[in-house]
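A.B. asks: Predicted model, plus sequence, below.
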Amino acid sequence: MTTVQKRRARARGGELDECLRACAVHSGKLVGSIDRRRVELAEQLRKLLVVWGTTGTAAAAPAPAGATALLKRAVKGTAAPAGGMAGELLDALLAVANKALECGYDDELNLALVISDTVLAQRKNSRAGWRLRARLLETLGDEEEALEAYEKYLALTDDDGFGVRARIAGLRLAGEKERELLGLLRRQSPRAGEFTRRPATDVWAEGLAAHAVGDWTEAEPRLVGALLALAADDAPVADRQELLSQYLDLRTTVPGVDLAALTEALALYAEQRRARMRGPVADPTIGGVRWISLGEFRNQIAGKSICLIANSGRVGASSMGAEIDAYDLVVRFNSYRIDPGHTGSRTDIHAAIHKHGFNWDQRVTTRLVFGGVSGDWKYSLRNRLVPGAQTHLGDDSLRWPVRNIGKLGTDVWSGIPTTGFNMLWLLDFLDVSPKLDLIGFDFYESGAYRVQEAMKLAITSVHEYTSEKAWVMERAQSVSDMRIALR
């Protein structure tokens, strides 16, 4: 059986009752786990079973209480509601699959694959379903099918907030460079073709044995032959990358190695690795953007009236568009949605978490990107920033205001501060604005009002919304249904 056949022999799904049975069985396997990722998966599975217990039997008698009863009912495969999968059940399944994907273990990847098949069988045009499928296939090392799934996702959405286009470009470029590298190795080791028709693992072992006794003349064609065989067999990307790395490491230890030839191979290896990690960087200068520090940002906002617009359902029905546009500076967050009559039409400052790319292509004067881990923040800037979409970009001094400027550690502020709170805290700290108003901030009591692609994102539980609301109310000068004035 080839690598491709083995990979495609994994458990597959499609039928909703079979998928729910698999989820229920897997939930039982996680009892007592101390792995953080599996504990989080177990919680999502519990929520899924609760949803299934409340939505899957609308006409049935009241369900027995307790998690055990829920698990038993799911295992029996109660029929789905007429008309297909309910939206709440779909969201719960996707949440389980995403957590399973984060776990990364074979059992969890198989579960995610079953869920992916089921979601797309029930909802063939599910954007979240196609994105899940693409990420899963990429993790499994099947880049060709992953690219097809990413393309399906893009065909169904206008908002590429997850950077899928850049991911596609990176994977395509990486594939091209890997093929160039293997072609180069074949030319540099002409005898390698003799060893491509035997099992790659056997040939690789023979190559290692020859290298161990100092016979590079016999080792190299076998090692390269094994690499070519793996590529022809469409082996998972992780396996190919690991052996390419090992081969090049071994080659650097060979006495009298041809440095020019080795350098050419290393350059191609580095280029394809870099493309897989971050995709091509079209403009290393980020469109000539001007980086601004904390002090420069203070000067930019000093003396100006500022309003911060919540991504809430209340704003979406406010009819306050003209009032919002009358402020000197309008601040919006993450996946904000524009409806001029309600939200206003202007955005001067876009505050965004680094993990998503929603609205990063919208033209603004200043973009502040927040992130707690410096390396991840820099990576996101390199991959998500759109050249020319911002005049000013906050530097590292503005990366994580609550923690880095305010020095509020987890002992003082246990939750991860939201984008909105980081921005609000920063403006309050600088204290140079005569008017500082929050519009529509009800801390999601009226639901979210975002660009369509972001509406499926969960309102995460890692934030301390209650604490943030209390902080705001302690400083409020006046409060109305739509406006909280801090100055």
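C.D. replies: Nice, thanks for sending it over. Not measured: the values here are computed from a predicted model. Numbers count the residues shown, from 1 in each chain.

A.B. asks: List the residues that contact the residue nearest to Asn404 when sequence neighbours are not counted.
C.D. replies: Of all residues beyond its chain neighbours, the one nearest Asn404 is Ser397 (7.7 Å), with distances taken as C-beta to C-beta, 6 or more residues apart in numbering. In short, each C-beta sits where N, CA and C put it, glycine included. Contacts for Ser397 (C-beta atoms under 8 Å, 6 or more residues apart in numbering) come out as Ser293, Leu294, Asn404, Ile405.

A.B. asks: For burial, what's the neighbour tally of the last one?
C.D. replies: Residues contacting Ile405 under the criterion other C-beta atoms under 10 Å number 17.

A.B. asks: Would you quantify the distance from the residue nearest to Asn404 to Leu436?
C.D. replies: The gap separating Ser397 from Leu436 is 21 Å, by C-beta to C-beta, to the nearest Å.

A.B. asks: Quick one: find the helix or strand in this structure with the lowest mean pLDDT.
C.D. replies: Ranked by mean pLDDT, DSSP states H and E, the helix or strand of the chain with the weakest confidence is helix 67-76, at a mean of 44.

A.B. asks: Check which element follows that one along the chain.
C.D. replies: As assigned by DSSP states H and E, the chain's next helix or strand after helix 67-76 is helix 87-103.

A.B. asks: elements contacting the following helix or strand past that following helix?
C.D. replies: Proceeding N to C from helix 87-103, the next assigned helix or strand is helix 106-122, under DSSP H and E. Packed against helix 106-122 by the contact rule (3 or more C-beta pairs under 8 Å, 6 or more residues apart in numbering; DSSP states H and E) you find helix 16-29, helix 87-103, helix 127-139.

A.B. asks: Let's test this: mean pLDDT of stretch 335-351, rounded?
C.D. replies: Averaged over stretch 335-351, pLDDT sits at 96.

A.B. asks: mind listing the helices for the stretch 151-300 of the chain?
C.D. replies: Under the criterion DSSP state H, counting those that start in this stretch, helices of the stretch 151-300 of the chain are mapped to 164-188, 200-212, 216-232, 237-252, 259-278, 294-301.

A.B. asks: how near is the closest residue to Val257 other than its chain neighbours to Ile309?
C.D. replies: Distance criterion C-beta to C-beta, 6+ apart; nearest residue to Val257, sequence neighbours excluded, is Arg251 at 6.3 Å. In this view, Arg251 and Ile309 are 57 Å apart by C-beta to C-beta.

A.B. asks: The longest strand along the chain pairs with which strands?
C.D. replies: What stands out as the longest strand in the chain, according to DSSP state E, is strand 364-370. Paired with strand 364-370 in the same sheet, following DSSP bridges, are strand 349-353 (parallel), strand 390-394 (parallel).

A.B. asks: what does the next helix or strand after it rub up against?
C.D. replies: Following strand 364-370 in sequence order, the next helix or strand is helix 374-384 (DSSP H and E). With contact meaning C-beta under 8 Å, 6+ apart, helix 374-384 is reached by 163, 166, 278-279, 281, 286, 354-355, 357, 360, 369-371, 393, 396, 399.

A.B. asks: Lowest pLDDT pick from the residues you listed?
C.D. replies: For those, the least confident entry is Val281, with 64.

A.B. asks: just to revisit the earlier point, just name the most buried of the strands paired with strand 364-370.
C.D. replies: The highest mean neighbour count among the strands paired with strand 364-370, using mean count of other C-beta atoms under 10 Å, belongs to strand 349-353: a mean of 24.

A.B. asks: Between Arg251 and Ile309, which is the more surrounded one?
C.D. replies: Using other C-beta under 10 Å as the criterion, Arg251 and Ile309 rank with Ile309 on top: 26 against 22.

A.B. asks: quick one: the more buried one from Val364, how far?
C.D. replies: 13 Å.

A.B. asks: Over to Val331?
C.D. replies: Val331 sits 10 Å away from Val364, taking C-beta to C-beta as the criterion.

A.B. asks: Mutual contacts of these two, please.
C.D. replies: The contact lists of Val331 and Val364 share Thr347, Asp348, Ile349, His350, where a contact means C-beta under 8 Å, 6+ apart.

A.B. asks: With distance to Asn422 added, can I get the residues you listed in TSV?
C.D. replies: Converted to TSV, the shared contacts of Val331 and Val364 look like this (distance: C-beta to C-beta, whole Å):
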residue	distance to Asn422
Thr347	17
Asp348	17
Ile349	12
His350	13
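
A.B. asks: now, which of the residues you listed sits nearest Ala229?
C.D. replies: Lowest distance from Ala229 to the shared contacts of Val331 and Val364 (C-beta to C-beta) belongs to His350, with 49.7 Å.

A.B. asks: Look up the residues forming beta bridges with the closest one.
C.D. replies: Going by DSSP bridges, His350 forms beta bridges with Arg332, Arg367.

A.B. asks: thought it was touching Asp361?
C.D. replies: No: under the criterion of C-beta atoms under 8 Å, His350 makes no contact with Asp361, lying 10.6 Å away.

A.B. asks: how many neighbours does Gly409 have?
C.D. replies: 10.

A.B. asks: hang on, isn't it packed against Arg403?
C.D. replies: Yes: counting by C-beta under 8 Å, Arg403 is a contact partner of Gly409 at 7.1 Å.

A.B. asks: which other residues reach stretch 444-458?
C.D. replies: Contacts of stretch 444-458 (C-beta under 8 Å, 6+ apart): 91, 94-95, 127-128, 157-161, 311-316, 334-337, 356, 358-359, 440, 459, 465.

A.B. asks: that older thread, and the strands paired with strand 364-370 as a markdown table, adding distance to Tyr327?
C.D. replies: Compiled in a markdown table, the strands paired with strand 364-370 are given as follows (distance: least, C-beta to C-beta, whole Å):
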| stretch | distance to Tyr327 |
| --- | --- |
| strand 349-353 | 11 |
| strand 390-394 | 18 |
